[in-house]
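1. Need the 3D shape of this:
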Amino acid sequence: MARSRKARESDIDEIALALPRTVKVPGWGGLPSYQVSKKFFVGYRSPRPDAVDAETGQRLTDVLVFRVPDEGDKLALVQGDGPWFTTPHFDGYNAVLLRLAHLGTLTRGELAEVIEDAWRSQAPKTVVKKWEAERGGH
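-> Purely as a prediction, here's the structure:
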């Protein structure tokens, strides 16, 4: 059962590119970023002073950004038991962060749900409706 196994970095690519109109573009440091209809929905972010390793003080280089539909979804993820977090830089921006080092704490199914929600939040509504209808709703 692939949906319940631990998530892997390759799953991000596989899940995102399976969604309609998604393109993979080079993002920060040449690492992948994913867009739907030219709108970002998932990708790596550059190391910033607002996210540092607690032990070394070095800026984190393995942080991924995931768009979320709204502030409620953001709070639910950040305040939940999972690995999601945010920083003051993202106040007022509907996105959550995840360290690649913590990706394996999620199942593939959990990762797919967040990526699909990120895509839904940025994709044209007609494309979302068609995709959901083809899948039998959501």
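2. just the strands in this structure please.
-> 22-26, 32-36, 39-44, 63-67, 95-99 (DSSP state E).
3. Let me have these in a markdown table, adding distance to residue 107 as columns.
-> Backbone N, C-alpha and C define where each C-beta goes, glycine included. Converted to a markdown table, those look like this (distance: least, C-beta to C-beta, whole Å):
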| stretch | distance to residue 107 |
| --- | --- |
| strand 22-26 | 21 |
| strand 32-36 | 20 |
| strand 39-44 | 17 |
| strand 63-67 | 15 |
| strand 95-99 | 14 |
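4. quick one, which of these is nearest to residue 85?
-> strand 95-99 (5.2 Å; C-beta to C-beta).
5. re earlier: save the strands of the chain as JSON lines, and put in distance to residue 13 and mean pLDDT too.
-> JSON lines is the format used below for the strands of the chain (distance: least, C-beta to C-beta, whole Å; pLDDT from 0 to 100):
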{"stretch": "strand 22-26", "distance to residue 13": "7", "mean pLDDT": "96"}
{"stretch": "strand 32-36", "distance to residue 13": "7", "mean pLDDT": "96"}
{"stretch": "strand 39-44", "distance to residue 13": "10", "mean pLDDT": "96"}
{"stretch": "strand 63-67", "distance to residue 13": "12", "mean pLDDT": "96"}
{"stretch": "strand 95-99", "distance to residue 13": "15", "mean pLDDT": "96"}
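6. Residue 84: which of those is closest?
-> strand 95-99 (4.5 Å).
7. what about the closest residue to residue 32 other than its chain neighbours, how many residues close to it?
-> In this structure, residue 32 finds its nearest non-sequential neighbour in residue 24, 5.2 Å apart by C-beta to C-beta, 6 or more residues apart in numbering. Residue 24: 15 surrounding residues under other C-beta atoms under 10 Å.
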